[in-house]
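> here is a sequence with its predicted model. Questions after.
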Amino acid sequence: MSQTVQYALSEGMLTLPDAVQEQSVTVLPLASLGATLVVTRDWQITVDQLDTFLQQQLQKVKRDMKKFSAQSPEESMLGDLPAQQVAMRFENQGVLVDQKLLVAWCRDHLLVITFSTAGQFNEQQLLAWQAIRQTFSPAVAEA
């Protein structure tokens with residue numbers, strides 16, 4: 001039998017029979033800003049597929065949402081990690097949405113973060129997004 005593994009949740013710890021690979025989507029409503037931060041992970045993408053992944057995501061949003069427009073991907077940073085970011089706008093169920101999509105390679109997987117608001121981003125939201133990106137600190141890998 002394999003050794004048990006401790007898995008941390010916000011609410012506490014779970015003891016699991018095996019090591020697991022997290023497949024969660026983390027939705028963080030930032031009520032004070034009127035914005036939402038969503039974090040997902042992709043373990044199937046390799047580092048050399050990052051550009052293709054980003055283009056596929058943009059095509060999916062373009063296909064699924066009305067009034068889609070996007071700027072060209074630009075180099076960015078997530079803490080000390082190199083990243084790519086795309087600013088886009090689209091209509092979702094009659095609501096205009098402004099969104100920043102950021103992808104960064106984090107050790108052994110792709111980290112995907114979106115920052116969204118209904119309507120247009122205001123200065124406070126854009127400053128918060130900048131601070132979120134700048135203050136990212138990667139978890140220390142276990143030995």
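Done, it's in.

> and Q57, that's in a helix?
Yes - assessed by DSSP: H, G, I helix; E, B strand; the rest coil, Q57 belongs to a helix.

> please name the nearest non-neighbouring residue to it.
L101 (6.6 Å; Cβ to Cβ, 6 or more residues apart in numbering). Heads up, the C-betas are built off the backbone N, CA and C, glycines and all.

> model confidence for the one you found, exactly?
Per-residue pLDDT puts L101 at 97.

> chain center to the least confident helix or strand in the chain by mean pLDDT, what's the gap?
Lowest on mean pLDDT, DSSP states H and E among the helices and strands of the chain sits strand 5-9, with a mean of 80. Taking the mean of its C-alpha atoms, strand 5-9 sits 22 Å from the chain's own mean (Cα atoms, centre = their mean, to the nearest Å).

> quick one: N92 from T26, how far?
20 Å (Cβ to Cβ, to the nearest Å).

> ok so, going back, roughly how far apart are the residue nearest to Q57 and S76?
Taken as Cβ to Cβ, the span from L101 to S76 is 10 Å.

> more neighbours, those two?
L101 (21 against 17; other Cβ atoms under 10 Å).

> residue ranges of the helices in the chain, please?
50-64, 123-134 (DSSP state H).

> worst mean pLDDT among those helices?
Looking across those, the weakest by mean pLDDT turns out to be helix 50-64, at a mean of 92.

> off-centre distance for that helix?
14 Å.
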